[in-house]
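# got a sequence here, can you model it:
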Amino acid sequence: MPVTTDFPALPGLYQALFLYFEPLSTISPAFLAWFFPGPEWFHNQLIPLSAPSGPLEARTTMAIWQLGNCYMLLGLISSLVFRAIRDTLPNNPEAQERILGASMTALALADVTHIMASWIGLPEHLRYSFGSWNSMTHGNITFTAFLFGMRLAWFAGIGRTTYYYGKSSHKNQKSA
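Numbering: from 1, shown residues only. I've put the predicted structure just below:
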């Protein structure tokens, strides 16, 4: 996984996480839902420790496949858009950061709503029983919270040089 220097707005750990690992971890649930182990397995993993539901109704299978499509879409957008930013604007870190920031804002809002939906959907007795969570629940809540925190760290400029966010010079340029 090469980390290149022509993407100053997304350096080091951020580049490895958001350009490689997150798209892979977002696309893979699509294949789990579509092919193997399939929609029935995916459905049964959504709530840990629940009894398997048996064969799925056609509408439920369709909803699981559509959810898989949403996972695929998010992963592809992150992967392809972030690479397009890197490849098209290699010498313009301010523009890179502005476009990344718009994408990161949308992804951060999706993180929050995804965590909330997953948390609210859990039976109350499982919400604070972290040891009872399966890998799907940890992915939907724990890992998504980690990604959200990393997006906030990126916006805060932690571990990277900022080129647009947090700079007062871009505000003056807009009003001129």
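
# these two touch, right, Ile47 and Leu122?
Yes: using Cβ atoms under 8 Å, Ile47 is in contact with Leu122, at 6.7 Å. All C-beta atoms are positioned from the backbone trio N, CA, C, and that covers glycine.

# the more surrounded of these two?
Taking other Cβ atoms under 10 Å, Ile47 and Leu122 do not tie; Leu122 has more neighbours (19 against 16).

# any shared contact partners between Ile47 and Leu122?
Shared contacts of Ile47 and Leu122 (Cβ atoms under 8 Å, 6 or more residues apart in numbering): Thr137.

# helix or strand for Ser103, which one?
In this assignment (DSSP states H and E), Ser103 forms part of helix 93-121.

# can you name the next helix or strand after that helix?
Beyond helix 93-121 on the C-terminal side, the first helix or strand identified by DSSP H and E is helix 124-127.

# now the following helix or strand past that following helix: how far from the chain's centre is it?
Reading on from helix 124-127 to the C-terminus, the next helix or strand found by DSSP H and E is helix 135-137. Relative to its parent chain, helix 135-137 has a centroid offset of 15 Å by Cα atoms, centre = their mean, to the nearest Å.

# lowest-confidence helix or strand of the protein?
Across the helices and strands of the chain, mean pLDDT, DSSP states H and E gives its lowest value to helix 169-175, namely a mean of 53.

# pull the longest helix from the protein.
helix 58-88 (DSSP state H).

# pLDDT averaged over that helix - what is it?
In this model, helix 58-88 carries a mean pLDDT of 96.

# residue ranges in the protein under the pLDDT threshold?
Counting by pLDDT under 70, the chain shows low-confidence ranges at 1-5, 169-176.

# pull out the buried residues from the helix holding Ser103.
Residues of helix 93-121 classed as buried by neighbour count (16 or more other Cβ atoms under 10 Å): 93-94, 96-101, 103-104, 107-108, 111, 114-115, 118.

# what is the nearest of the residues you listed to Leu152?
Closest approach to Leu152 among those (Cβ to Cβ): Ala108, at 7.2 Å.

# tell me the contacts of that closest one?
Residues near Ala108 by Cβ under 8 Å, 6+ apart: 148, 151-152.

# and the longest helix of the chain with helix 93-121, angle?
Helix 58-88 and helix 93-121 are oriented at 160 degrees to each other (axes from the mean of the first three to the mean of the last three Cα atoms, to 10 degrees).

# what comes up buried for helix 58-88?
By neighbour count on 16+ other Cβ under 10 Å, the buried set for helix 58-88 is 61, 64, 67-68, 71-72, 74-75, 78-79, 82, 85-86.

# counting by contacts, list what that helix packs against.
helix 22-34, helix 39-45, helix 93-121 (3 or more Cβ pairs under 8 Å, 6 or more residues apart in numbering; DSSP states H and E).

# many thanks, have a good one.
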